[in-house]
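K.L.:
build me a model from this:
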Amino acid sequence: MKNAKQTFTREHLLYLKKLRTKKILVHVTQVGVLLFILALWELAAHLQWIDVFIMSCPSRIWLTLIEISQGGTLWKHAGISTLETLAGFAIGTSLGYIIAVILWWNNFLKDVFEPYVVVLNSLPKIALGPIIIIWVGTGKASIITMAVLISVVITTITILNGFAETDKEKALLLRSMGANRLQIFTKLVAPANVPTLMATLKINVGMSWIGTIMGEYLASKEGLGYLLVYGSQVFRLDLVMTCTIVLCALAGVMYAIVAVLEKVVVKNFNH
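P.N.:
Numbers count the residues shown, from 1 in each chain. Purely as a prediction, here's the structure:
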């Protein structure tokens, strides 16, 4: 291991240094852009270029964040929304993967149900909100159901397409060697679609949050979605903007966790 670095050529080491420098520059620029936007926003509010009652500003959002944090309101509602999102994310992804496996396994079922899956994907899920409330009632059950409905369809379509695009020549080779359907799936199809699954998880982070907030809009008295509706009803735009930023932060953290998981899984898979 000590001599491993010596095997790299000078050009290769320079290339790796260039990649690290570029990565650092990207992160610094991202932070700089964010700070510039916040500063411009605050300046526009201070100089009355914008109406702070409608647009708010970073300083007012910060004060609102402190206010709802100290009272425990933020942690309560953010925690509820996070748990609902995680439940919808886990159930929707798992169920979608299972459905994709079933449809891949049986071509007849795939030909029958694939059009229905496509139609469900194009249907605005919020239109199903009243039906979901009637079927499962108000509260967490309907919210999680909404999150599941959004993520399960995306997962099914994405994973099924990945299964269909798996190298057919390799599958034919396995069949010629006497492999059955289960062996082809476990030895070829599932491993080949690990990157597809990781990409689907990233997509489902956003989809699950969308489903949760939509559900809280319709049938909830707690959660970030409820705070967003409440803030708009009483014209507390500072609260609305604060909840929006908290929502973005939570979604970003969840996405970062999935990204780290992807690196670990892909690294182990390649080894």
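
K.L.:
from here on, just use CA atoms for contacts and neighbour counts.
P.N.:
Noted.

K.L.:
give me the distance between R60 and F113.
P.N.:
Distance from R60 to F113, counting by CA to CA, to the nearest Å: 51 Å.

K.L.:
and V246, by the same measure?
P.N.:
Taking CA to CA, one finds V246 at 39 Å from F113.

K.L.:
of those two, who's got more company?
P.N.:
More neighbours surround V246 than the other of V246 and F113, with 16 against 12 (other CA atoms under 10 Å).

K.L.:
contacting residues for the more buried one?
P.N.:
Under the criterion of CA atoms under 8 Å, 6 or more residues apart in numbering, the neighbours of V246 are A78.

K.L.:
check it and give its pLDDT.
P.N.:
With respect to pLDDT, V246 scores 92.

K.L.:
buried ones in the host helix or strand of it?
P.N.:
Using DSSP states H and E, V246 falls within helix 237-270. Residues of helix 237-270 classed as buried by neighbour count (16 or more other CA atoms under 10 Å): 237-244, 246-247, 250-251, 254-255, 258-259, 262.

K.L.:
show me where the stretch 1-150 of the chain has its helices.
P.N.:
In order along the chain, the stretch 1-150 of the chain carries the following helices (DSSP state H, counting those that start in this stretch): 10-46, 52-55, 58-70, 73-105, 107-122, 129-136, 140-164.

K.L.:
relative to M177, which of these is closest?
P.N.:
helix 73-105 (19.0 Å; CA to CA).

K.L.:
export only the CA atoms of the lowest-mean-pLDDT helix or strand in the chain, formatted as PDB.
P.N.:
Least confident helix or strand of the chain, by mean pLDDT, DSSP states H and E, is helix 129-136 with a mean of 80. Extracted in PDB, the C-alpha atoms of helix 129-136 (Å, rounded to 0.1, in the frame of the first residue of the first chain):
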ATOM      1  CA  GLY A 129     -56.600  13.400  -2.900                       C
ATOM      2  CA  PRO A 130     -60.400  13.400  -2.100                       C
ATOM      3  CA  ILE A 131     -60.700   9.700  -3.000                       C
ATOM      4  CA  ILE A 132     -57.700   8.800  -0.800                       C
ATOM      5  CA  ILE A 133     -59.200  10.800   2.100                       C
ATOM      6  CA  ILE A 134     -62.500   8.900   1.800                       C
ATOM      7  CA  TRP A 135     -60.800   5.600   1.500                       C
ATOM      8  CA  VAL A 136     -58.100   5.800   4.300                       C
END
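
K.L.:
fine by me, we can end here.
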